Each structure stands twice: as structure tokens, then as C-alpha cells.
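# coordinates for the following, if possible.
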Amino acid sequence: LALALGCGREKPPRLADERLPRIEVVMPLRTSLLRKLDLAANVDPLLRVDLSARVPGVVEFVETDIGKAVRKGDVVCKLAVPELEADKAHKEALLAQAREQQKLAEEMAKVTDREVTEARKQEERYKAETEYQELKYKRIQGLVRQGAQDKALEDEAKQQMEAARAAWAAATAAVSTRQAKALAALAEKEVAKQRVEVAQAEVEKLKTQISFATIRAPFDGIITARRVDPGAVVKDPATVLLTIMQMHRVRVLIDVPQRDVPLINTDKEIMENGTIRRIPGDQVIICIPSLAEVVPPRGEFRGTITRLGKSLDQVTRTMRVEVELDNPRNRENNTFILRPGMYGTATVILDERANVLTIPSTALVRRSETQVAVYVVEKPQGVPPRGILKLRDVELGLDDGKNVEIRSGLKETDLVVARGNGVLRVDDPVIALLPE
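The predicted structure follows:
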């Protein structure tokens, strides 16, 4: 009877199995692994400028208003500057006067040059006269000694010779005087020329200052701010009147922490076989949640890191990087989708590995600075698997913060303890629990 009753009961589990520790395990999984950074992102225009007049004045007219597109060279604002206009007229009158003085100085230089020429001719004439009188005196003196001429005739010839010499000396002095006057006239001519140049520079300076009152767009863009109206008095030349931004391309600004700066790669150009080849930088996925309806499903834009700063901010210890993007237009209203000042998140993909063996980062056991291991349930049998706990060294690869690449030490069929930081002992029998 007891035997018959016993056959109808379920066999109770073994007491030894009930006492074995139950440990959550995972199996290495082959998948793609990304190493990425999730950072804040801000949208800036490609170009931005605050326009000012650089001269004081009264706003005469403002050609445009916010939201209007302008072309390079378009007049967007003009100031009335009557003081500068009056000063310009005064300087132009001084310039005309200086030019007249220059003409007079040039004429005077010509007159003195002619006087020097005439004085030299006069000197040559008196020189020739002196030489003639000297020869005449010598001839008469010889005749007087021979008794062929009277002594009075010799005295008269001597007087004529001395008079010729005196006239020659006076002519020579006159040449020196005329040359001094010519040099003075030439110097005055140069001074007059310099006066003209100074007056011309003053006029050009005022013309330039007056031109500052006419403000033109420095590039194709959109007026995003207007701070003055017609009739407003601009006292400070540095006062900002308008702001223009270029939006057909935008800069997305990202600040990268110091620890990740060495991992960042920018767009590069290299010479290869005589041709320039472009190597793109790290891929960046920019998400602007507020644009989810316009750019479904998450308001995503993709680009690469275009440029980066060469130094870190001394306060935040971050380095600025930029992603330059084409700014698409909204099909409904033909306006740019990305607006300066928008913010969102940027996912910078530092590295990507495909079809690699991975396990959760929580399974790792750090044995030393260079040695990493994981607990593995070996010789599993039954359901659930029962096995022996072993510690196995592994070689790591890419780590995305959640999962880590295993380059060697594990197979896809291994049972790896999911959390290696528990109270575990090698060679202990355990029951492995796979996730459902």
C-alpha cells in the first residue's frame, strides 16, 4: 500500500540544488558598436555682423526691416551728416587755394630759371669783354714801350680793362643771386605741392567719413535686428543700427570636454597621386526636438566635424568644435528651417565597429591596471544550466559606456556572469539564469 501511495507523489528537488547560488548570466552578442558623445548643440549663422555708421549723424532713412533678404552692396541705412558736408566744402576750398598757390610757385620757379639763364649769358658777355680789354691793354702797353703810342692812351686802356673786370665780377655775383632765388622758388614749389597733397588728403578723409554714413550690406543675408528709425540721432559712432546674418549655411557649435578632445577628428584634405582627396571628420547627428514636425521623426540633421578650436576654454575646460551644414528650406513657406539661436543635442560618433562580440560593461572585473577578466560558468549542464564558476582573462576593444567589445577570451556560447562585482568565488558550483 505504501508503495502504491508513493508512486502518485512528485519527487522533491534535491536539497543540494536548492542551496546553489543563482547567478544572472548573458551570452556574448555579435552586433555593431558605437563610441559616441552626447553633447549640447547651438545653431549659429555662417556669418553675422552688427552694422554701425562709424560717424555721428541723424538717421535719414532705413531701407529695410527685420526678416528681409538683402544682397551684397545694397544700401540698408543712411545718415545725414551736415557737419561733415560743411567741413568737406571748406577743405575743398582750401584745396583749390593750395592748387592756385602751386601754380604760382611753378610759374615763379620758371621765371627764376630764366633769370639764371640770362644772368649766365650776361656773365659770359662780360667775361669776353674783360678778355678783350686785357688783350687791348697789353698791345697798347707794348706800343707805348716802343714809343709808338702816347702814354695817355695806355692809361685809358688800363681803365677800360679794370672796368670790364668789375663788370664781370658783378655779373658773376648776379648769377649766384639768381641761382639762390631759383633754389628758393624750387623749394617753394615743393612746399606748395605738399600743401596740395595735404589738402587733398583732408578732402579724401572727409569723403571717406561721409561714405560711412551710407551703410551697405557686406554680404547676402537677412536682416535680423533693427534698432533705429528715421530721425534718430546717432551720437556714438559705434552704435549698432542693424544686424545681418547669412543663413543659407549654418554653424552648429558644440563644446567637447577635455577628456574627449584627443578623440575628435575634423575634415581634412590630403594630396594623393597629384589630386586632393577629402577625408570627412567624425560623423555628427544633430537633433533639434522643436523641429520634429518639420523634419520627422526627431528633427535630425547629419554632418561631420568641420573645424575645431586649438585651445580650451579656461573656465569650462571644453573646446569648441563646429559642424557646418546646408540650411534646408521649408517647402510650405520657403523659409530656412534651422534658425540661429536654436538648441538641441549633438551625437558625435567617435568610432564604429560592425559585427563584433560584445558583453555588458558591468560584467568586467578589473584585476590590475592592464588586466581585465570576466566570470564564466563552465561545463553547464541541465535546465537551468548548472556549472562551475571560473575567472577568464579577456582583451577589450571599443567601449560605448554600456557594452564593450571583446577581442579575445570569449566565444558566443559562453555563459558570462552579468555583474562581476558581486561576492563570487572561483570553482564554486552555481546555477546560471539566462535573461528571459
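
# how many neighbouring residues does Thr358 have?
23 (other C-beta atoms under 10 Å). Glycine gets a C-beta too; all of them are placed from N, C-alpha and C.

# may I see the buried residues of the host helix or strand of it?
Secondary structure assignment for Thr358, by DSSP states H and E: strand 343-360. If you call a residue buried by 16 or more other C-beta atoms under 10 Å, then strand 343-360 has these buried ones: 344, 346-348, 350-351, 356-360.

# please apply the same query to stretch 387-407.
Buried residues in stretch 387-407 (16+ other C-beta under 10 Å): 387, 389, 391, 394, 397-398, 400, 403-406.

# also stretch 204-223?
206, 209-210, 212-213, 215-217, 220-223.

# now the helices for the protein?
Counting by DSSP state H, the chain has helices at residues 2-7, 15-19, 82-145, 151-212.

# out of those, nearest to Ile337?
Smallest distance to Ile337 across the helices of the chain (C-beta to C-beta): 36.2 Å, for helix 151-212.

# let me know the angle separating the closest one from helix 82-145.
170 degrees (axes from the mean of the first three to the mean of the last three C-alpha atoms, to 10 degrees).

# please renumber so the chain begins at 46
Happy to do that; since the first residue is 46 now, the last one works out to helix 196-257.

# quick one: average pLDDT of helix 196-257?
Averaged over helix 196-257, pLDDT sits at 92.

# before we move on, what about stretch 110-121?
92.

# between the two ends of that stretch, how far is it?
Stretch 110-121 has an end-to-end distance of 9 Å (criterion: C-alpha to C-alpha, to the nearest Å).

# let me see the mean pLDDT of stretch 305-313.
On average, stretch 305-313 scores 88.

# let me fix that, I meant to ask about stretch 288-297.
Average pLDDT, stretch 288-297: 94.

# list the buried residues for it?
In stretch 288-297, counting by 16+ other C-beta under 10 Å, buried: 288-292, 295-297.

# between those, which sits nearest Gln186?
Ile289 (100.8 Å).

# just to revisit the earlier point, widest-spaced pair of the buried residues of strand 388-405?
Comparing every pair within these by C-beta to C-beta identifies Gly389 and Leu402 as the most remote, at 34.0 Å.

# domains of the chain?
Listed domain ranges for the chain are 59-78+400-478, 83-89+295-398, 98-124+258-279, 129-256 (source: automatic domain parsing).

# out of those domains, which gets the lowest mean score?
Lowest mean pLDDT within those: domain 59-78+400-478, a mean of 88.

# distance from it to the middle of the chain?
53 Å (C-alpha atoms, centre = their mean, to the nearest Å).

# for the longest strand along the chain, which strands pair with it and how are they oriented?
In the chain, ranked by residue count with DSSP state E as the criterion, the top strand is strand 74-96. Strand 74-96 has the following sheet partners, assigned by DSSP bridges: strand 287-302 (antiparallel), strand 388-405 (antiparallel).
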